[in-house]
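S.K.: Pasting a predicted model and its sequence here:
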Amino acid sequence: MKISKMWKAVVGGLAAGAAAAATAVQDGTVTAAEGVTIALAVLGAYGVTWAVPNRKTSDTPSGQ
(Lines give C-alpha, C1' and ligand atoms only; values in the text may rest on other atoms or scores of the structure.)
Protein backbone atom coordinates (compact mmCIF):
# COMPACT_ATOMS: atom_id res chain seq x y z
CA MET A 1 0.00 0.00 0.00
CA LYS A 2 1.42 3.36 -1.04
CA ILE A 3 1.15 6.39 1.21
CA SER A 4 0.11 8.50 -1.78
CA LYS A 5 -3.17 6.58 -1.99
CA MET A 6 -3.96 7.43 1.63
CA TRP A 7 -3.57 11.22 1.45
CA LYS A 8 -7.21 11.79 0.48
CA ALA A 9 -8.37 10.05 3.67
CA VAL A 10 -5.72 11.70 5.84
CA VAL A 11 -6.62 15.21 4.67
CA GLY A 12 -10.35 14.50 5.01
CA GLY A 13 -9.89 13.23 8.55
CA LEU A 14 -7.76 16.19 9.57
CA ALA A 15 -10.26 18.64 8.12
CA ALA A 16 -13.18 16.99 9.94
CA GLY A 17 -11.24 16.83 13.20
CA ALA A 18 -10.18 20.46 12.93
CA ALA A 19 -13.76 21.57 12.30
CA ALA A 20 -15.07 19.58 15.26
CA ALA A 21 -12.25 20.80 17.51
CA ALA A 22 -12.82 24.43 16.53
CA THR A 23 -16.45 24.10 17.51
CA ALA A 24 -15.58 22.30 20.75
CA VAL A 25 -13.16 24.95 22.05
CA GLN A 26 -15.52 27.89 21.57
CA ASP A 27 -16.35 27.87 25.28
CA GLY A 28 -12.72 27.45 26.37
CA THR A 29 -12.89 23.78 27.41
CA VAL A 30 -13.24 20.43 25.73
CA THR A 31 -15.52 18.01 27.53
CA ALA A 32 -15.36 14.24 27.23
CA ALA A 33 -18.40 14.24 24.95
CA GLU A 34 -16.77 16.83 22.69
CA GLY A 35 -13.59 14.73 22.60
CA VAL A 36 -15.60 11.71 21.53
CA THR A 37 -17.29 13.81 18.84
CA ILE A 38 -13.89 14.95 17.53
CA ALA A 39 -12.61 11.37 17.44
CA LEU A 40 -15.72 10.11 15.68
CA ALA A 41 -15.52 12.93 13.13
CA VAL A 42 -11.92 12.00 12.31
CA LEU A 43 -12.62 8.26 12.11
CA GLY A 44 -15.82 8.77 10.14
CA ALA A 45 -14.08 11.00 7.61
CA TYR A 46 -11.23 8.49 7.26
CA GLY A 47 -13.67 5.66 6.60
CA VAL A 48 -15.92 7.53 4.19
CA THR A 49 -13.08 9.05 2.21
CA TRP A 50 -11.19 5.77 2.08
CA ALA A 51 -14.27 3.97 0.75
CA VAL A 52 -14.76 6.35 -2.18
CA PRO A 53 -12.39 5.38 -5.01
CA ASN A 54 -10.29 7.96 -6.80
CA ARG A 55 -11.32 8.86 -10.33
CA LYS A 56 -9.39 6.98 -12.98
CA THR A 57 -7.14 9.19 -15.08
CA SER A 58 -6.97 8.77 -18.82
CA ASP A 59 -3.99 9.20 -21.12
CA THR A 60 -5.80 11.64 -23.39
CA PRO A 61 -6.58 15.20 -22.37
CA SER A 62 -10.23 15.95 -21.69
CA GLY A 63 -12.26 17.21 -24.62
CA GLN A 64 -10.60 15.01 -27.21
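M.R.: That came in fine, so what should we check first?
S.K.: Quickly note the distance from Ala51 to Thr31.
M.R.: When Cβ to Cβ, to the nearest Å is the yardstick, Ala51 and Thr31 sit 30 Å from each other. For glycine as for every other residue, the C-beta is placed from the backbone atoms N, C-alpha and C.
S.K.: Phi first, then psi, for Pro53.
M.R.: phi -70, psi 150 (degrees, to the nearest 10).
S.K.: Could you tell me the per-residue confidence at it?
M.R.: According to the prediction, Pro53 has pLDDT 75.
S.K.: Next: Gly28.
M.R.: With respect to pLDDT, Gly28 has a value of 93.
S.K.: now swap in Met1 and tell me
M.R.: 55.
S.K.: Check Trp7 too.
M.R.: Looking at Trp7, its pLDDT reads 83.
S.K.: doesn't Gly13 make contact with Tyr46?
M.R.: Yes: the criterion here is Cβ atoms under 8 Å, and Tyr46 meets it with Gly13 at 4.3 Å.
S.K.: Can you report how many residues lie near Val52?
M.R.: 10 (other Cβ atoms under 10 Å).
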